[in-house]
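Asks: Based on what follows, work out the 3D shape:
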Amino acid sequence: MATNNTAKKATNITLSADVLAEAKALNINISQACDRYLRELVRSEHERRWRQEHADFISVYNQTLEQDGLPLDEWRSF
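Replies: Next comes the predicted model:
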């Protein structure tokens, strides 16, 4: 989550007039809401791309676990 020390940069965005009016009527901080949503969207996209880039490794690793079980599983006491 953003901290107060995070640098900010002014920008122009276009929003739906009806949603903007309702948000203002509800005293929602538009900049904060947009920043929070965009931050989460960026995090999700990084995660999606990481999964996509490592899909082959994950598939092979999962197959290995299915065939051989967990490493050191025979010594597990729970």
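
Asks: Of all the residues in stretch 21-31, which ones are buried?
Replies: A23 (16 or more other C-beta atoms under 10 Å). C-beta: built from backbone N, CA, C; applies to glycine.

Asks: First-to-last residue distance for it?
Replies: From its first residue to its last, stretch 21-31 covers 14 Å (C-alpha to C-alpha, to the nearest Å).

Asks: which residues touch it?
Replies: 15, 20, 33 (C-beta atoms under 8 Å, 6 or more residues apart in numbering).

Asks: 10 Å - rerun?
Replies: With contact meaning C-beta atoms under 10 Å, 6 or more residues apart in numbering, stretch 21-31 is reached by 8, 10-11, 13, 15-16, 19-20, 33-36.

Asks: so where do the helices sit in the chain?
Replies: Counting by DSSP state H, one finds helices in the chain at the ranges 17-25, 30-53, 55-68.

Asks: and those as a markdown table, adding mean pLDDT?
Replies: Below are those laid out as a markdown table (pLDDT from 0 to 100):
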| stretch | mean pLDDT |
| --- | --- |
| helix 17-25 | 98 |
| helix 30-53 | 97 |
| helix 55-68 | 94 |
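
Asks: Let's have those in a markdown table, adding distance to R76.
Replies: Below are the helices of the chain laid out as a markdown table (distance: least, C-beta to C-beta, whole Å):
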| stretch | distance to R76 |
| --- | --- |
| helix 17-25 | 52 |
| helix 30-53 | 28 |
| helix 55-68 | 14 |
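
Asks: Which among those is found nearest to W75?
Replies: helix 55-68 (14.4 Å; C-beta to C-beta).

Asks: orientation of the closest one relative to helix 30-53 in degrees?
Replies: 60 degrees (axes from the mean of the first three to the mean of the last three C-alpha atoms, to 10 degrees).

Asks: now helix 55-68, how far from the chain's geometric center?
Replies: 24 Å (C-alpha atoms, centre = their mean, to the nearest Å).

Asks: hmm, who's touching it?
Replies: Under C-beta under 10 Å, 6+ apart, the answer for helix 55-68 is 51, 54, 71, 73.
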